[in-house]
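>>> Pasting the sequence and the predicted model now:
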Amino acid sequence: MAHLLGAESLHLEYPTRVVFDSVTLGVSEGDRIGVVGRNGDGKSTLLSLLAGRLEPDSGRVTRRRDVTVGMLDQRDDLPDALTVGRAIVGDREEHVWAGDPRVRDVLAGLIADIPWDAAIGELSGGQRRRVALAALLVHDHDLLFLDEPTNHLDIEGVAWLASHLKQRWASGSGALVVVTHDRWFLDEVSTSTWEVHDGIVEPFEGGYAAYVLQRVERDRMAAVAETKRQNLMRKELAWLRRGAPARTSKPKFRMDAAAALIADEPAPRDAVELTKLATARLGKDVVDLLDVTVEFPPKTVLRDVEWRIAPGERTGILGVNGAGKSTLLALVAGTVEPTAGRVKRGKTVKIATLTQQLDELDAVRDQRVSAVVADKRTTYLAGGKEVTPGQMLERLGFTNAQLSTPVKDLSGGQKRRLQLLLILLDEPNVLILDEPTNDLDTDMLAAMEDLLDGWPGTLLVVSHDRYLVERVTDQQYAVIDGAFRHLPGGIDEYLRLRKERGAAPSAVAAVAASAPTLSGAALRAAEKELTSIDRRLAKLAGQVAAHHEAIARHDQSDYVGLGRLTEELRALEGEIADHETRWLELSEQLEG
């Protein structure tokens, strides 16, 4: 692959710390690189160095002479007086940009709801962000640096962006380096991963899932090495006391794949036990929405919604911006009253909401973290075990030094984690999370998810982070056109429904309308196809299991072989998804 850009011995130092120390790396044609690391470790700084926005203290960045580079910063610099259209396509004639398929795709995917002639200064922060991203993507760059491109995008927008970037360049051409906390997006677009930590950049093969596997193995090996170092003399003494060593080859560790690493790891959640605990705390009645309608004239936001929330239920709620998700949660929380219908709440229900704002911290902004936590409970039940607030803080990534830091001096991610902890220490039994991933890096998201795994209550989540929704919830619903709809097929089903509505608004209705008319030969054909799909899914499940075992047994240093097996696995999983979608369609028709 042709070399596009290289960094040699980069060193960057601030008065209080060394950000990078002798970092050397390169970007070649065909690279799709995801950048991960803790907040503050230098991910955005690395992109700025590579893109030429920031000069290192020593070392250099070289670029092939004809390479064009584009970069999306976390903050846009679009002039307020500029119109949306001018910001995106500049002075190009309409017939020029309108005839470009890439421009049309970008406009439809990112700014379909934003007025073309609106001034940038009139837009919300999220709209400005999407305009800045569109302005970058309509141009033809050899190398793109994207810093948190999924911020302010909903699930559909993230899916569109992933698809666009995967198809943007031909195989083996162009290059992408992206910083994002969206783990689903990382897995979709990246084929390699850079982890920024402790002043270095460590490369890994594969996307986020492969990176996690390799990092677990790296950490395990480091722990083994440290244990060996600490116990060297004791082991040597034991060895000598047993006499001369046998003349056989020494045993060596071989990772029996991912399966070996997680063989003794229990499922993330014990659903039965959590439901039992939740029922004990809540009783059988939580919150019921009964034929609820909410109107904000002239618009009807929700129409005839019925939702009986169960103790221990873990539900993700999907929908485009403005669909009514926040209104639905406000009905549950009691901050909005229905126009028609009624809301019934259990007597023991105690609801808490993790909002997008940090208002809860205003009253304690001048206090130290340790003092704020000490004012709450002395112990807390997590995963069936009693832990102290200090242990909870440690699980959420706080160091001893940060415990004495005033709340006002914490970073955005640290404030977000403290906000969640204070809510949990109040011991609500219904927890509402409204976009909880803001300001959190991938490690902290994993820590938060781990904490929620042991939380015994009802959990309702609204988030554009697909990975989080699928990780912490057991079922998903969507607010579509004022209706509240269950999604047996999860987020894939939601995206399919949205796509059908966008391409042909009557498509879903047509499928539903056709269901009752199935009879005779058509009915038998549908039943036969359904049976065939069941057999095929069972066969595919066996093939997927076999591929997981093959990956587990494969030489973990053979990245080419692992890549081939992983691609085959993804193809099988894609086929399963297609068959499951068809299975759902046929089931709806037969049930009709």
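Cool, the structure landed. Residues are numbered from 1 along each chain as shown.
>>> the strands in the stretch 51-200 of the chain, which residues?
Listed from the start of the chain, the stretch 51-200 of the chain has strands (DSSP state E, counting those that start in this stretch) covering 58-63, 69-72, 143-147, 175-179, 192-197, 200-205.
>>> report the angle between the axes of the third one and strand 58-63?
For strand 143-147 against strand 58-63, the angle between stretch directions is 130 degrees (axes from the mean of the first three to the mean of the last three Cα atoms, to 10 degrees).
>>> what does strand 143-147 rub up against?
Identification of contacts with strand 143-147 by Cβ atoms under 8 Å, 6 or more residues apart in numbering yields 4-5, 27, 43-44, 47, 50-51, 67-74, 136, 165, 174-180. All C-beta spots, glycine's among them, are computed from the backbone N, C-alpha and C.
>>> hmm, which of those residues are the buried ones?
4-5, 27, 43-44, 47, 50-51, 67, 69-73, 136, 165, 174-180 (16 or more other Cβ atoms under 10 Å).
>>> coming back round to it: and the strands of the stretch 51-200 of the chain as CSV, adding distance to residue 467 and mean pLDDT?
Output for the strands of the stretch 51-200 of the chain, formatted as CSV (distance: least, Cβ to Cβ, whole Å; pLDDT from 0 to 100):
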stretch, distance to residue 467, mean pLDDT
strand 58-63, 32, 93
strand 69-72, 21, 95
strand 143-147, 18, 95
strand 175-179, 15, 96
strand 192-197, 15, 94
strand 200-205, 18, 91
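>>> wait, which of those strands is closest to residue 112?
Nearest of those to residue 112, taken as Cβ to Cβ: strand 69-72 at 19.4 Å.
>>> now that closest one, how far from the centre of its chain.
Mean-position distance between strand 69-72 and its chain equals 23 Å (Cα atoms, centre = their mean, to the nearest Å).
>>> Just put the strands of the stretch 51-200 of the chain in CSV and tack on distance to residue 388.
Formatted as CSV, these follow (distance: least, Cβ to Cβ, whole Å):
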stretch, distance to residue 388
strand 58-63, 45
strand 69-72, 42
strand 143-147, 37
strand 175-179, 35
strand 192-197, 28
strand 200-205, 33
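>>> nearest to residue 309, of those strands?
With Cβ to Cβ as the yardstick, what comes closest out of those is strand 175-179 (36.9 Å).
>>> Show me what the closest one is packed against.
strand 17-28, strand 32-37, helix 43-51, strand 143-147, helix 183-189 (3 or more Cβ pairs under 8 Å, 6 or more residues apart in numbering; DSSP states H and E).
>>> Pull up the distance across stretch 61-72, start to finish.
End-to-end distance of stretch 61-72: 19 Å, with Cα to Cα, to the nearest Å as the criterion.
>>> and what of stretch 430-448?
End-to-end distance of stretch 430-448 (Cα to Cα): 17 Å.
>>> just stretch 331-350 next, same as before
First residue to last in stretch 331-350 (Cα to Cα) measures 14 Å.
>>> residue contacts, residue 103?
Residue 103 neighbours (Cβ under 8 Å, 6+ apart): 89, 97, 138.
>>> what do you get for residue 287?
Contact analysis of residue 287 by Cβ under 8 Å, 6+ apart lists 309, 332, 343-346, 349, 351, 430.
>>> Next one, pLDDT for the spatially closest residue to residue 404 that is not a sequence neighbour please.
Leaving aside its chain neighbours, residue 404 sits nearest to residue 368 (5.3 Å; criterion: Cβ to Cβ, 6 or more residues apart in numbering). The per-residue pLDDT reported for residue 368 equals 87.
>>> can I assume residue 368 is in contact with residue 406?
Yes - using Cβ atoms under 8 Å, residue 368 is in contact with residue 406, at 5.8 Å.
>>> Bridged to residue 27, which residues?
Per DSSP bridges, residues listed as beta-bridge partners of residue 27: residue 5.
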